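Novice: let's see this in three dimensions:
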Amino acid sequence: MKYAHTFRLIVAAVAAAALAEHTIADEGMWPLNRFPTGPLEQRYHFTPTKQWLDQAQLASVRFADGCSGSFVSSSGLVMTNYHCALECVEAVSEKGPKLLEEGFSAGSPAEERQCPGMELNQLTSMTDVTARVSAATKGTEGDRFAAARKAIFATIERECASSDDVRCEVVSLYRGGKYDLYKYRRFQDVRLVFAPEFDTGFFGGDPDNFMFPRYNLDLAFVRVYDAGAPLRSTHWFPWSADGATAGDLVFVTGHPGGTSRQYTVAQLEFERDVRLPAHLIYYSETRGLLTEFQRRGADQARRAGAQLVLVENSIKVLAGEFAAIGNPALLARKRSEESALQHAVAAKPALERQYGSAWKAVAMAMDRKRELWPRNAAFSRLSESELLGQAISLVRLAREQTKPNEQRLPEFTEAALPAVRQRIEASKPYSREIETVALAHILTHLRERLGIDDPAVKAALGRRSPDEIATAAIAGTKLDDAGIRIALMKGGTAAVEASSDPLVVLARAVDPFARDARRQLEDQVDAVVDRNMELIAQARFAIEGERVYPDATFTLRLTYGTIKGWNEGGKEVPPFTTIAGLYERNTGSPPFKLPERWLNRKSRVRLETPLNLVADTDIIGGNSGSPMIGRDGRIVGLIFDGNIHSIGGEYWFDPAKNRSVAVDSRGIREALRSVYQADRVLQEIAGRPD
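Specialist: Got it, this is the predicted structure:
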């Protein structure tokens, strides 16, 4: 459609106004090398210096399996959430006291316990490699684009990763509008220092999850070791003795896992119609199975308890996202923003020629995704059995290592191999009983989704039922022994292909079908979407510059806001809770059961001490364990959750109600002092390590 010159100017002005609306609030998960200081100075009269930003970067750490943390002493002490360290607590508990029930506090370095398979990453540099990626993919489309981009990513990462102690990732920002190379220092010797009891770390359980008021000590400390000794670092966050008050400016530095705020309307409609309902059904079934499993006995209840909490969390997140995306106001806003950008592009013929068809291409790719995604999703479930996941890793590692680095699956390139090897080598306990239930569920799901006549189902099951296959495979496998896995890994293709372990046999049988489903989705959908989302990002840059933050990518981001409650149904929700409220909420029965230690030492506790707080900082899943700091860079809180309105932050930020939930720094100190008598940790965070 052609526009008169005057009409073009009007449309462009309206578009610019619409596109600028979301920048008014304290919104945004900003990469530290792209952090805009102007709005912060204008609103709060504070400008972080380069030294301040460098300190925030180097004092922050990423847990490779999906959480955040921060150095809080010069001796490698890292603060994170209890739920981020839970797998470590479970693993070390199998070799001694039941730490889930009793908690843990190391009285000396010798008592700190190795966390099997845990990896922490410290971001050391960010380099713009957009020009190099663009040159490598220029003129390509579809599967050729996907192959070219995968190859250049692998090449750049291999050049960067000079040793196993270095982790390098090419990160797509703005859905491909920019590419940065993130270089990390990798730490794989991580040891547990402190963790409260399960009943304290998960106090309130699912009923209180994503709620506020909240009363929770979701806290753990681990320590990074380097060459067998505690890491010595000059970059760590000091502790605030006074904490924060209502209205104070605060910052959160962490690793938000992913957001979909720059999705097109077609992508959001796929989320609403396909992905979210499918995941909700699957995890609801999983919750039912785990609930039934817990009823088999006390040991089963203990073994499944932590896993059930995480599944319930997933359900609440998915339900919240589904509700958010079903909100007519969200899609109306997204349609308005998308239309505004399209009109702004159409108003400039050069931009229209270059970018005008991108939205239609994405929409057509999403139609194809509706056909291909369910099959790929069914295969992706296979690794939800931890032991089958190990078998799949061994099979794929052996096969991928026979290929040139540039042609491998991204998770098996040379730069990624240290993390793969660590997962395979990690010695940790597995419950064969839970694994049997999980594998039967996964195989049943595969059969239901693909049909009994599907070649993949026939290859996996033959003439037996999912229950029969799962029972026999878990009973017969030896993959719960790290030594067996290491031998298979070192034996390469010959050892893996010759293995008669039933889980390896199953992995070999289904892997070709899973690879084919993944290849079709990547070549026919993801490559098209990624290429055209690049164009949309470039169109946005052409219209409004780079003043919009990129979607989260599980990379380090900085966000800011204030300590602030909100209005819920006409009632103001105060921003703080106290330890007194924790005792008042105690019922004596899970999930509102305070451990005996808390009850016996109540007289020592300063009940008026703030325990949890909320702020209007913009966070999402992956920020768990993020430090909350003040202007002076001191710890005032520990992010562990958001309120129920924060779940919609996957798609948009609502400044009126979206809140981060944190453990107050004063509550942490009081619990360590009065309840746990963890003097060693207290001295460290006060800057006096032993």
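
Novice: got the domain ranges for the protein?
Specialist: In terms of domains, the chain is parsed into 32-119+188-258+550-685, 265-540 (source: automatic domain parsing).

Novice: would you map the strands across the stretch 51-200 of the chain?
Specialist: Applying DSSP state E, counting those that start in this stretch to the stretch 51-200 of the chain gives strands spanning 60-63, 67-71, 77-80, 104-105, 113-114, 120-128, 166-173, 178-187, 190-195.

Novice: got CSV for those, with distance to residue 674 too?
Specialist: For the C-beta atoms, the positions are set from N, CA and C on the backbone; glycine is no exception. Compiled in CSV, these are given as follows (distance: least, CB to CB, whole Å):
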stretch, distance to residue 674
strand 60-63, 28
strand 67-71, 24
strand 77-80, 19
strand 104-105, 14
strand 113-114, 25
strand 120-128, 30
strand 166-173, 40
strand 178-187, 32
strand 190-195, 15
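
Novice: residue 622 is nearest to which of the ones you listed?
Specialist: Among the strands of the stretch 51-200 of the chain, the nearest to residue 622 by CB to CB is strand 67-71 (6.7 Å).

Novice: average pLDDT across that closest one?
Specialist: Here strand 67-71 scores 98 as its mean pLDDT.

Novice: may I have it as PDB, with CA atoms only?
Specialist: Taking Å, rounded to 0.1, in the frame of the first residue of the first chain, the C-alpha atoms of strand 67-71 are listed here in PDB:
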ATOM      1  CA  CYS A  67      20.400 -20.000  38.700                       C
ATOM      2  CA  SER A  68      22.300 -16.900  39.800                       C
ATOM      3  CA  GLY A  69      24.600 -16.000  42.700                       C
ATOM      4  CA  SER A  70      27.200 -13.600  43.900                       C
ATOM      5  CA  PHE A  71      30.600 -13.600  45.600                       C
END
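
Novice: direction included, what does it pair up with?
Specialist: Sheet pairing of strand 67-71 (DSSP bridges) gives strand 60-63 (antiparallel), strand 77-80 (antiparallel).

Novice: just how off-centre is the last one within its chain?
Specialist: The gap between the average C-alpha position of strand 77-80 and the chain average comes to 17 Å, counting by CA atoms, centre = their mean, to the nearest Å.

Novice: do you know which of the strands paired with strand 67-71 lies nearest residue 663?
Specialist: Nearest to residue 663, of all the strands paired with strand 67-71, is strand 77-80, at 9.7 Å by CB to CB.

Novice: contacts for the closest one next, please.
Specialist: Strand 77-80 is contacted from outside by 61, 63, 67-72, 120, 190, 193, 219-224, 236, 624-625, 627, 635, 638, 681, 684-685, 689, using CB atoms under 8 Å, 6 or more residues apart in numbering.

Novice: hey, where'd the helices end up in the stretch 201-350 of the chain?
Specialist: Assignment of helices within the stretch 201-350 of the chain using DSSP state H, counting those that start in this stretch yields the ranges 205-208, 265-270, 276-294, 298-325, 328-346, 349-355.

Novice: that older thread, list buried residues within the contacts of strand 77-80.
Specialist: Taking 16 or more other CB atoms under 10 Å as the criterion, what is buried in the contacts of strand 77-80 is 61, 63, 67-72, 120, 190, 193, 219-224, 236, 624-625, 627, 635, 638, 681, 684-685.

Novice: mind checking how far stretch 30-40 is from the chain centre?
Specialist: That offset, for stretch 30-40, works out to 22 Å (CA atoms, centre = their mean).

Novice: correction: stretch 121-138
Specialist: Distance of stretch 121-138 from its chain centroid, counting by CA atoms, centre = their mean, is 22 Å.

Novice: alpha carbons only: can I get it in CSV?
Specialist: Extracted C-alpha coordinates of stretch 121-138, given in CSV (Å, rounded to 0.1, in the frame of the first residue of the first chain):
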residue,chain,number,x,y,z
ASN,A,121,30.6,-19.1,35.6
GLN,A,122,32.1,-15.6,36.2
LEU,A,123,31.7,-13.3,33.2
THR,A,124,35.0,-11.7,32.3
SER,A,125,34.4,-10.0,29.0
MET,A,126,31.8,-9.2,26.3
THR,A,127,32.8,-8.6,22.7
ASP,A,128,30.5,-7.5,19.8
VAL,A,129,30.9,-10.1,17.0
THR,A,130,27.8,-9.0,15.0
ALA,A,131,29.8,-8.1,11.9
ARG,A,132,31.6,-11.5,11.9
VAL,A,133,28.3,-13.4,12.2
SER,A,134,26.6,-11.3,9.6
ALA,A,135,29.4,-11.8,7.1
ALA,A,136,29.2,-15.6,7.6
THR,A,137,25.5,-15.8,7.1
LYS,A,138,25.1,-13.1,4.4
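
Novice: residue 405 and residue 156, how far apart?
Specialist: Counting by CB to CB, to the nearest Å, the gap from residue 405 to residue 156 is 11 Å.

Novice: repeat for residue 487
Specialist: Separation of residue 487 from residue 156 (CB to CB): 33 Å.

Novice: next, count neighbours for residue 41.
Specialist: If you count neighbours by other CB atoms under 10 Å, residue 41 ends up with 12.

Novice: go on, residue 167?
Specialist: Neighbourhood size, residue 167 [other CB under 10 Å]: 25.

Novice: what are the contacting residues of stretch 578-586?
Specialist: Around stretch 578-586, the neighbours that count as contacts under CB under 8 Å, 6+ apart are 203-204, 213, 215, 592-594, 598-599, 602, 605-611, 667, 670-671.

Novice: I misspoke; the intended subject was stretch 82-91.
Specialist: With contact meaning CB under 8 Å, 6+ apart, stretch 82-91 is reached by 63, 65-69, 99-100, 104, 113, 115-118, 190, 192, 195-196, 198, 200-202, 217-220, 222, 306, 309-310, 428-429, 624-625, 640.

Novice: let's go with 7 Å and repeat that
Specialist: Residues from elsewhere that reach stretch 82-91 (CB atoms under 7 Å, 6 or more residues apart in numbering): 63, 67, 99-100, 104, 115-116, 118, 192, 195-196, 201, 218-220, 222, 306, 428-429, 624-625.

Novice: check stretch 445-465 too.
Specialist: Contacts with stretch 445-465, where a contact means CB under 7 Å, 6+ apart, come from 282, 374, 375, 378, 381, 443, 466, 469, 506, 509, 510, 513.

Novice: list the residues that contact the first one.
Specialist: With CB under 7 Å, 6+ apart as the criterion, the residues that contact residue 282 are residue 445.

Novice: same thing with residue 266?
Specialist: Residues counted as contacts of residue 266 (CB under 7 Å, 6+ apart) are 362, 363, 366.

Novice: in a markdown table: these, plus distance to residue 551 and secondary structure.
Specialist: As requested, these are exported to a markdown table (distance: CB to CB, whole Å; DSSP: H, G, I helix; E, B strand; the rest coil):
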| residue | distance to residue 551 | secondary structure |
| --- | --- | --- |
| 362 | 15 | helix |
| 363 | 19 | helix |
| 366 | 17 | helix |
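
Novice: which one of those residues is nearest to residue 618?
Specialist: For those, the residue nearest residue 618 by CB to CB is residue 362; the value is 25.3 Å.

Novice: pull the helix or strand with minimum mean pLDDT from this protein.
Specialist: Lowest on mean pLDDT, DSSP states H and E among the helices and strands of the chain sits helix 5-20, with a mean of 33.

Novice: which of the domains of the chain sits closest to residue 146?
Specialist: Per CB to CB, nearest to residue 146 of the domains of the chain: domain 265-540, 3.8 Å.

Novice: give the rounded mean pLDDT of the closest one.
Specialist: Domain 265-540 shows a mean pLDDT of 95.

Novice: how far off centre is it?
Specialist: Domain 265-540 sits 15 Å away from the centroid of its parent chain (CA atoms, centre = their mean).

Novice: distance between the ends of it?
Specialist: Taking CA to CA, to the nearest Å, domain 265-540 runs 16 Å from one end to the other.
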